[in-house]
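K.L.:
Just the structure for this:
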Amino acid sequence: MAAADSPSAALRRRDLCSRGIRLAGKMRSDVIDLLDTYVERQGLDASASVVAVEGVPAAAAERWDKQTGTQRLLDNLAAYRAFRALLAQMLEEQREQLGEADAALGQALAAVLLQVSAFAYHLEELLRLESRGPPSEEGAGPPPLPHLGLFERKLRGLGVLRELAQWAVRSARDLRQLAKPGPGSSSAPSPAESP
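P.N.:
Numbers count the residues shown, from 1 in each chain. Next up is the predicted model:
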């Protein structure tokens with residue numbers, strides 16, 4: 001019996017998935033709060049339309065119902081690694097733009113960045129348990145961003161936070177699917193289970 005199929009590995013996977021689901025829920029709650037603060041402090045309209053953010057995979061996935069557990073983990077890990085880089089850039093831009101004048105926004109961004117980093121590490125642990133180490137981070141970050149004006153950076157930040165909130169929902173769904181007992185937990189779920 002392979003290590004990933006042993007009863008202790010199955011229990012560990014369910015435990016990691018349960019903790020990951022709680023982390024994703026907390027992260028989504030904090031991102032929603034941060035979104036409200038961000039919109040207010042940046043002087044944006046909450047209903048502003050934002051184009052997709054380059055370098056961040058969309059949380060909505062075609063053929064979600066056909067993905068294996070490992071594919072889901074890899075998609076999640078790629079997204080959270082991209083979010084880690086984008087949030088770090090947002091935090092730096094916020095500090096340059098406002099300095100210490102808006103410490104609350106900076107602290108909230110830093111807290112979400114920390115949660116994203118912890119969640120990425122959590123996903124790496126799950127991949128190790130699945131007998132597949134996480135892929136290298138070389139070249140895994142978002143592409144270099146063109147020089148953007150202040151308003152475009154604000155809109156990009158809004159898009160990043162919105163997509164991160166969506167990823168938190170998808171991640172919880174993916175982890176619930178992976179936590180299901182039996183041989184189907186790493187194989188494709190039924191169409192009725194797709195988001």
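K.L.:
What strand or helix carries the nearest residue to Asp33 once chain neighbours are set aside?
P.N.:
Distances taken as Cβ to Cβ, 6 or more residues apart in numbering put Ala108 closest to Asp33, at 7.3 Å, once the chain neighbours are dropped. Where C-beta positions appear, they are placed from N, C-alpha and C, glycine not excepted. Here Ala108 is covered by helix 103-129, with elements defined by DSSP states H and E.
K.L.:
by contact count, what packs against that helix?
P.N.:
Counting contacts by 3 or more Cβ pairs under 8 Å, 6 or more residues apart in numbering; DSSP states H and E, helix 103-129 is packed against helix 7-42, helix 69-98, helix 150-179.
K.L.:
mean confidence for the longest one?
P.N.:
The predicted model assigns helix 7-42 a mean pLDDT of 92.
K.L.:
just how off-centre is it within its chain?
P.N.:
Centroid separation for helix 7-42 versus its chain: 9 Å, with Cα atoms, centre = their mean, to the nearest Å.
K.L.:
Please apply the same query to stretch 171-179.
P.N.:
The chain centroid and the centroid of stretch 171-179 are separated by 13 Å, computed with Cα atoms, centre = their mean.
K.L.:
before we move on, what about stretch 168-181?
P.N.:
Mean C-alpha position of stretch 168-181 versus that of the full chain (Cα atoms, centre = their mean) differs by 13 Å.
K.L.:
before we move on, what about stretch 77-97?
P.N.:
With Cα atoms, centre = their mean as the basis, stretch 77-97 stands 12 Å off its chain's centre.
K.L.:
again, but for stretch 103-115
P.N.:
Centroid separation between stretch 103-115 and its chain, computed with Cα atoms, centre = their mean, is 15 Å.
K.L.:
buried sites along that stretch?
P.N.:
Across stretch 103-115, burial judged by 16 or more other Cβ atoms under 10 Å covers 105-106, 108-109, 112-113, 115.
K.L.:
Tell me, what's the model's pLDDT at the residue nearest to Asp33?
P.N.:
Note for Ala108: predicted pLDDT of 93.
K.L.:
Quick check, it in contact with Leu35.
P.N.:
No. Counting by Cβ atoms under 8 Å, Ala108 does not reach Leu35; the two are 9.9 Å apart.
K.L.:
how many other residues sit next to Val50?
P.N.:
For Val50, the neighbour count with other Cβ atoms under 10 Å is 16.
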